[in-house]
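*Asks:* only geometry, no sequence info:
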């Protein structure tokens, strides 16, 4: 492994892993909460969790994008082929786009459907979209397909990380791991 491979700094790694944990919790919550015959109290808990963590994720992705613009990530080493650079760039762009789109679509679906978002309601944040069943249905459909897309992109991202960490052992995985401490910042 080359000493020239630089790591993401600590704030970028922490944001990455906090968001990864939250997103990976959101996926099963989102799948389970819409199942027919689910106990109503569990369903309500999952809906509240999903809506409010989605709100938190939107704030975190905005912070992450701003931080990334202020502190760009370290470049990939020259040992990574150009085609892998392109796929990595496309995957990251898709992931960032979906991480913005999913909470926005969820917000529109919930607010246009006339439902609460408890954390925003507690802060007195008014609904920013009108009550509209048609708008809620469009947002619901886009959120559903977005969930499939983000699942595919996350699987690609994890697959690439494991490929570099286990098979190639080229230092790419250690640029982001561990989340705290270790290596240059």
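*Replies:* It's in. Since the structure is predicted, the reported quantities are computational estimates derived from the model, not experimental observations.
*Asks:* how about residue 141, secondary structure?
*Replies:* The three-state label for residue 141, taken from DSSP: H, G, I helix; E, B strand; the rest coil, comes out as helix.
*Asks:* show me what contacts residue 54?
*Replies:* Contacts here follow CB atoms under 8 Å, 6 or more residues apart in numbering; on that basis residue 54 touches 26, 102, 103, 106, 107. All C-beta spots, glycine's among them, are computed from the backbone N, C-alpha and C.
*Asks:* one more: residue 39?
*Replies:* With CB under 8 Å, 6+ apart as the criterion, no residue contacts residue 39.
*Asks:* mind checking pLDDT for it?
*Replies:* What the model reports for residue 39 is a pLDDT of 97.
*Asks:* how about the helix or strand where residue 88 lies: buried residues?
*Replies:* Residue 88 belongs to helix 82-112 when elements are defined using DSSP states H and E. The neighbour-count check on helix 82-112 (16 or more other CB atoms under 10 Å) flags 84, 88, 91, 94-95, 98-99, 101-112 as buried.
*Asks:* now for the helix or strand that it is followed by, which elements pack on it?
*Replies:* The C-terminal neighbour of helix 82-112 among helices and strands, as given by DSSP H and E, is helix 118-122. Taking 3 or more CB pairs under 8 Å, 6 or more residues apart in numbering; DSSP states H and E as contact, the helices and strands that helix 118-122 lies on are helix 40-70.
*Asks:* let's see it at 10 Å
*Replies:* Packing contacts for helix 118-122, counted by 3 or more CB pairs under 10 Å, 6 or more residues apart in numbering; DSSP states H and E, involve helix 40-70, helix 82-112.
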